[in-house]
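>>> A structural model of the following input is requested.
(2 chains)
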Amino acid sequence: MSAASGRATITHAAGLHARPAVRLTKLAKTFAAEVRLRGLPDGAPVDAKSIVKVMGLKLRAGTILAFDAEGDDAEAAVEALTALVERRFDEDG
Amino acid sequence: MAETRRRGLAAAPGLAAGPLALLPEPGAAAGAVRGPLPLGAALAAARLDLEALAAEAADDAAEILAFQVEMLADPALAEGARAAIDAGAPPAAAWTACMDAYIRGYGAAEDPYMAARAADLADIKARVLAALTGEGDAPLRLPPGAVVAAHDLTPSRFLAVAARSPAGIALAHGHPTSHVAILARARGIPLVTNLGERPEGGNALLDGAAGLLVLDPDPATVAAFARNAADETAKAARAAKLAGTLAWRGRPVVLTVNVDDPAAVADAVLKTADGVGLLRSEFLFMGRDALPGEDEQAQAYADLLNRLNGKPLVVRTLDVGGDKPLPGLTLPAETNPFLGLRGIRLSLAYPETLRPQLRALLRAAAGGDLRVMLPMVSVPDEVEAVRALMAEALADLEARGIPARPPPLGIMVETPAAALALDRFDIAFASIGSNDLVQYTLAASRDAPGPVARLADPYHPAVTRLIEATVAAGRAKGIDVSLCGDLASDPKGALHLLRLGIRRLSVAPAALDRVRLAVHDDREETA
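Numbering: from 1, shown residues only, chains lettered A, B, ... in the order given. A predicted model of the protein is given here:
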C-alpha cells in the first residue's frame, strides 16, 4: 500500500461539467487505488470514481482540486488525474 | 369536428401533415416486455438500452447519452433509493423520490449548463422506472409520417421517435433552446414546443417555423396547407437546381449563408449554399459561462468545414461587448456602448480571449478553406495588431509541430471610416455589415422608438454611396467585397445590391431559396 497526493487547477473554461467529469471518473476507474477528490480550500472529499459525487461538487473554473489516493498504484493515479485536469480534460486549449 | 388552431413556440422549421399520434408517456405504455425488475437489474437494463442507443446515435446525441450511461454505471446514483427499499419502501417510489431530489438539485443550479442536466436526470429516471415497473419500453408503435404529440421529450426519447420517421413533433412543454430542439433542427424534423396542453385530435397540420398546430383541419385548410408545402418543395427544388450556377444578368453571383449555431443549420442548406459567408463565433459560448478553449473551438470549425465539403467558411472573430457582454469578463459600464469597446476593439483590449480563438482558426485553416473576418474595424492598425498576434500564434504552433496555416484575413465594413478608407487596409476581402453601417451612418438605432428607427433606412443615399465606395475600393484592390447584413436577405435589398456592383451575398438560411430565385428571375425578366 502506498499513498499519494497532488493538486491541479481547473482552467477549463466551463468548469467541471458533464463531459470533463465523465473523462475524469472514467480515468480514475482505470486505477485500483482509492482516489478522493476535493475542491480547495474547504470542500468535502468525494470518491473520484463517482460521476454522481463529482458532478455534485459543481466545481467551477479556477478551483484548485486536491487528489488523495491510497493503493498500490496511488502515485500513478494521482499523476494521471492531475495531468488530465492540466490538459484541460483533452478538450480545451 | 371544427378545426382548432394552437399556438406554440417555433423550435424547428418545416411543414408537416399527418395523423396525430399520441406518444405513450414513459412507463404508461401498454404491453409489458420484460416484467418488473429489481432495482439493480432495472439499472443494468436501462444502461444496456442507453449504450445500444448511444452506439447508433450521431456524434451530438452520443455525447449527451454518454453522460447518462456514466451516471447509470455509478453505484452512488441509487444509494438513497436502496436505503429506502431496505427500509421497506416500494422500489418505484423509492427510485422516484431519489431521482426527484437530484433533478431538483440540478434544476435549481444557477449555472444554466448545470440546470440543463436536469433533463438528463429525468431521462434516466423514466428509463429505470419503466424497467422497475415492467411497463413501457415496449417498442414505440408510431405510424410513419405521423405528427407526434407528447407532453415533453427527453433526448433519448426524441431519438427513439426520430427513428420512426415522424412528419413532425408537437410538444405541450419543452423549449426551442433545448437539446431536443437542436437535434430536431439538425434532422430537419418540424418541431413546435410550449403548446400548453398535449394536443389531441385525428389529423394535424404543423408549421414549425410559425409555431402553429392545426387540429382536425377543415378541408380548405388542408388544401391551402398542401399548396404551401408543394410551393415550398417546388421552390426548394427549383432553387437547388440553380445552386452553384447562379447568375444575374449574365454575371456570376456567389450566394452564401450566415450561420449562428452550426447545429441548427440543416445539411440541405449547406449543400445548396456556396459556403458560409459569416459564422458568428459568439455561438461558441451560448449557454455557458465563458468561451471554450482552443481545442474545442478548433474542433467546431473543423466540423463545419467538413460539412461544407470544400466550400469556404468565413469565421468572424468574437463580436461582443457593448450591448452583448462577454461572459467571464467584467467590463466598465459604458454610457454609449455602440461607440465603445466592442467587436475587434474588445478582442484587442482582452487578447487572452482572442489568442485561443486565433490559434484554433490557424489550426482549422490547415484542414480547409477557412477565412477570418474581423468585426467593427475602424482603422488599419487594428488589422495589423491581429496579424501580429496571429504570426505569434503561428510560430508557436509550428514550434510544437501542430499543423497550422495562416488564413486569409478580411474585415467587416460597418463603420463609415472603413468604407471610405478601404484603400488603406491590407486585407484579403471585405464584407459589408449593413445593419451597423446604416446605424453608424444615420446615427439611428433600428431598436429605437418609431421616428428614430425610421431614420435607419438602408436605402438612404448616404448608405448607397458608402456601399458604392466600398465596391470601387475593392475593385481597385482586386479583392472580393460581399454583404452579409439583413439587406441581402430581403429579395428587394439583394437586387438593389447587385445593381450597386455587389456580386457576393451572404443571407440567413431561411432566405437562401427566396433570394436565389429573386436573383435568377430578375435576370430572366430584364436581361
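>>> isn't B:Ala210 up against B:Ala10?
Yes: the criterion here is CB atoms under 8 Å, and B:Ala210 meets it with B:Ala10 at 6.3 Å. Just so you know, the C-beta spots here come from the backbone N, C-alpha and C atoms, and that holds for glycine as well.
>>> the two: who's more crowded?
B:Ala10 (19 against 13; other CB atoms under 10 Å in any protein chain shown).
>>> the more buried one looks like it's in a helix, true?
No: read with DSSP: H, G, I helix; E, B strand; the rest coil, B:Ala10 is strand and lies in no helix.
>>> check contacts around it.
B:Pro176, B:Val192, B:Gly208, B:Ala209, B:Ala210, B:Gly211 (CB atoms under 8 Å, 6 or more residues apart in numbering or on different chains).
>>> which pLDDT value goes with it?
Looking at B:Ala10, its pLDDT is 83.
>>> again with the one 10 residues further on
Listed pLDDT for B:Leu20 reads 91.
>>> with A:Arg60 instead?
For A:Arg60, pLDDT reads 75.
>>> also B:Glu296?
85.
>>> please apply the same query to the one 4 residues further on.
Looking at B:Ala300, its pLDDT reads 88.
>>> helix, strand or coil for the nearest residue to it once chain neighbours are set aside?
Using CB to CB, 6 or more residues apart in numbering or on different chains and skipping residues adjacent in sequence, the residue nearest B:Ala300 is B:Leu284, 6.3 Å away. Here B:Leu284 is helix, with the state taken from three-state DSSP.
>>> B:Leu284 is in contact with B:Tyr301, isn't it?
No: between B:Leu284 and B:Tyr301 there is no contact under CB under 8 Å: 9.5 Å.
>>> please name the nearest non-neighbouring residue to B:Asp513.
Nearest to B:Asp513 is B:Ala239, by CB to CB, 6+ apart, at 3.8 Å.
>>> ugh, typo on my part, it should be B:Leu23
B:Leu23's closest residue in space is B:Ala150 (CB to CB, 6+ apart), at 4.0 Å.
>>> A:Val54 now?
A:Ala21 (5.0 Å).
>>> what's the helix or strand where that neighbour lies in contact with?
Per DSSP states H and E: A:Ala21 is located in helix A:18-28. By CB under 8 Å, 6+ apart, the residues outside helix A:18-28 that reach it are A:12, A:14, A:16, A:35, A:48-51, A:54-55, A:77, A:80-81, A:84-85, A:89-91, B:63, B:66-67, B:70, B:74, B:113, B:117, B:120.
>>> for the record, mean pLDDT for that helix?
88.
>>> close to chain A: what parts of chain B are there?
Proximity of chain B to chain A, by CB under 8 Å from any CB of the partner chain, involves residues B:63, B:66-67, B:70-71, B:73-77, B:102, B:105, B:109, B:111, B:113-114, B:117, B:120, B:288-299, B:328, B:356, B:359-360.
>>> which among those end up buried?
B:66-67, B:70-71, B:73-74, B:76-77, B:102, B:105, B:111, B:114, B:117, B:120, B:288-298, B:356, B:359-360 (16 or more other CB atoms under 10 Å in any protein chain shown).
>>> keep only those of those that are in helices.
Members of these lying in helices (criterion: DSSP state H): B:66-67, B:70-71, B:102, B:105, B:114, B:117, B:120, B:294-298, B:356, B:359-360.
>>> tilt between the helix or strand harbouring A:Ala69 and helix A:18-28?
Counting by DSSP H and E, the element that carries A:Ala69 is strand A:64-70. On the basis of axes from the mean of the first three to the mean of the last three CA atoms, to 10 degrees, strand A:64-70 is oriented at 20 degrees to helix A:18-28.
>>> and strand A:64-70, which residues are buried?
Those would be A:Leu65, A:Ala66, A:Phe67, A:Asp68, A:Ala69, for strand A:64-70 by 16+ other CB under 10 Å.
>>> minimum pLDDT in these, which residue is that?
Scoring these by pLDDT puts A:Leu65 last, at 89.
>>> next, count neighbours for the nearest residue to B:Ala119 once chain neighbours are set aside.
Nearest in space to B:Ala119, with sequence neighbours left out and distances taken as CB to CB, 6+ apart, is B:Thr154 at 6.1 Å. Applying other CB under 10 Å, we find 24 other residues in the vicinity of B:Thr154.
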